[in-house]
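Novice: One predicted model, sequence on top.
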Amino acid sequence: MTSTIGFIGLGIMGSPMAGHLAAAGHRVTGYDVASEALDTLVADGGIAASSVAEAVEGADVVITMLPDHPQVEQVVLGEGGVLATARKEALLIDMSTIRPETSIELAAAAKHKGVRVIDAPVSGGQTGAREAALSIMVGGDDADVAAAMPVLRLMGTTVVHVGPHGAGQVVKAANQLVVGGIYALVGEAIVLMEQSGVDAATGLDVLAGGLAANRILDLKRATMVARQFAPGFRIDLHHKDMGIATAAARQAGVSLPMTGLVAQLVASAKAMGHGSLDHSALLKVTEQLSGV
Ligand code: NAD
């Protein structure tokens with residue numbers, strides 16, 4: 001069935017995701033504060049809106065893919081925002097990575113307006129977004145998640161309902177602490193091999209065939225060895241995500257020392273001025289600590 005979809009936030013991730021929905025025949029009207037982002041949507045078969053309200057008006061489904069909770073709160077709760085404009089029974093799918101409490105608060109605020117909401121953050125990076133192969137972790141009520149599934153499956157290959165409102169964000173926080181840890185360790189492996197006089201590219205090929213195999217090695221080892229750090233996923237966003245993970249740990253009353261260490265490494269990368277580089281640039285922190 002063809003849906004009318006409003007899509008807010010057409011950045012590195014949102015742009016290809018909206019493109020897949022338009023390619024599948026949905027009527028996708030998008031909005032982004034950066035006007036260049038709208039040109040790509042139009043080229044992909046979508047419609048450009050000049051405000052959130054224009055994108056949301058009359059939509060069956062509204063998708064937000066924004067940097068962090070302040071932008072999501074502004075777009076959803078603000079004047080002329082999603083809740084002020086959406087029709088009753090519209091389904092808001094927030095795919096941004098934000099703190100779980102905000103997802104829970106948005107769901108409560110939306111309920112007052114008769115709007116349904118789910119949290120559906122993603123993993124898989126820019127490649128996953130471009131290839132419609134994202135892993136999507138979904139929090140919300142059963143019926144709303146079921147209603148969202150046909151749309152979510154156009155963007156992801158692994159789409160799982162993990163629990164109530166906010167649960168998607170908790171799973172995403174868990175994802176981000178694992179991803180951050182792997183990047184930090186792959187960076188350390190590269191620095192160790194290079195500084196020991198071993199060719200790191202050759203060494204990583206061996207790692208990728210053994211127990212250390214993982215998707216980051218598969219997708220990123222060549223660019224890491226070549227020191228190509230164009231984002232991708234910016235250090236600034238991973239810094240935000242480690243803040244979400246450490247706050248979630250405090251909330252759950254659990255001790256996650258490795259997560260704390262990764263959070264410090266990501267904070268160091270940001271403090272060193274690498275915030276706009278890809279998170280694989282954690283390697284640069286290891287180099288600096290090693291005097292390389
Ligand atoms: P991005 O910065 O490339 O895109 C965000 C877009 O939102 C930008 O185009 C920006 O102009 C727009 N925007 C900001 N405020 C706005 C507003 N008030 N109204 C309308 N548009 C607004 O970021 P991204 O990399 O696409 O990430 C988006 C979300 O997805 C983040 O929460 C991020 O943590 C998450 N995420 C990113 C990746 C990745 O690899 N890049 C992977 C998984 C999850």
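Specialist: Here it is on my side, so go on.
Novice: Straight-line length of stretch 143-161, end to end?
Specialist: Taking C-alpha to C-alpha, to the nearest Å, the span from the opening residue of stretch 143-161 to its closing residue is 11 Å.
Novice: With stretch 211-220 instead?
Specialist: Taking C-alpha to C-alpha as the measure, stretch 211-220 stretches 17 Å from start to finish.
Novice: Could you check that stretch and say which residues are buried?
Specialist: Along stretch 211-220, the positions that meet the burial threshold by neighbour count (16 or more other C-beta atoms under 10 Å) are 214, 216-217, 220. Any C-beta I mention is one placed from the backbone N, CA and C, and that applies to glycine too.
Novice: which of those residues lies closest to residue 99?
Specialist: Lowest distance from residue 99 to the buried residues of stretch 211-220 (C-beta to C-beta) belongs to residue 216, with 24.6 Å.
Novice: residue contacts, the closest one?
Specialist: Contacts here follow C-beta atoms under 8 Å, 6 or more residues apart in numbering; on that basis residue 216 touches 179, 182-183, 186, 280.
Novice: How much space separates it from residue 127?
Specialist: Taking C-beta to C-beta, to the nearest Å as the criterion, residue 216 is separated from residue 127 by 11 Å.
Novice: can you check residue 29 too?
Specialist: To residue 127, residue 29 is 26 Å away according to C-beta to C-beta.
Novice: How about residue 191?
Specialist: Shown here: residue 191 relative to residue 127, a distance of 25 Å by C-beta to C-beta.
Novice: Secondary structure class of residue 135, three-state.
Specialist: Under DSSP: H, G, I helix; E, B strand; the rest coil, the three-state class of residue 135 is strand.
Novice: who's in contact with it?
Specialist: The neighbourhood of residue 135, defined by C-beta under 8 Å, 6+ apart, consists of 122-124, 128, 156-160, 175.
Novice: List the ones among the residues you listed that fall in strands.
Specialist: Assignment to strands by DSSP state E places the following of these there: 122-123, 156-160.
Novice: Buried ones among these?
Specialist: In these, the ones that pass as buried (16+ other C-beta under 10 Å) are 122-123, 156, 159.
Novice: how about residue 2, phi and psi?
Specialist: Main-chain dihedrals, residue 2, degrees, to the nearest 10: phi -80, psi 130.
Novice: That one: neighbour count?
Specialist: With neighbours defined by other C-beta atoms under 10 Å, the count for residue 2 comes to 9.
Novice: What are the buried residues along the strand or helix carrying residue 74?
Specialist: Using DSSP states H and E, residue 74 sits within helix 69-77. For helix 69-77, burial by neighbour count (16+ other C-beta under 10 Å) applies to 69, 71-73, 75-76.
Novice: packing partners for the next helix or strand after it?
Specialist: Sequence order places helix 82-85 as the next helix or strand after helix 69-77, per DSSP H and E. Taking 3 or more C-beta pairs under 8 Å, 6 or more residues apart in numbering; DSSP states H and E as contact, the helices and strands that helix 82-85 lies on are helix 52-56, helix 69-77.
Novice: and the last one, average pLDDT?
Specialist: Read that as helix 69-77. Average pLDDT, helix 69-77: 98.
Novice: So which residues on the chain come close to the ligand?
Specialist: By C-beta under 6 Å from any ligand atom, the residues of the chain that approach the ligand are 8-14, 31-34, 37, 65-67, 71, 74-75, 96-97, 122-123, 125-126, 232-233, 237.
Novice: related to what we said a few turns ago, which ones among the buried residues of stretch 211-220 lie within helices?
Specialist: Among the buried residues of stretch 211-220, the members falling in helices (DSSP state H) are 216-217, 220.
Novice: Could you export these to TSV, including columns for distance to residue 43 and pLDDT?
Specialist: Compiled in TSV, those are given as follows (distance: C-beta to C-beta, whole Å; pLDDT from 0 to 100):
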residue	distance to residue 43	pLDDT
216	31	96
217	34	97
220	28	96
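Novice: Residue 107: which of those is nearest?
Specialist: The shortest separation between residue 107 and any of these is 32.5 Å, and it belongs to residue 216 (by C-beta to C-beta).
Novice: can you tell me how far that closest one sits from residue 29?
Specialist: 35 Å.
Novice: Okay, now the unreliable bits of the protein?
Specialist: Within the chain, not a single segment meets pLDDT under 70.
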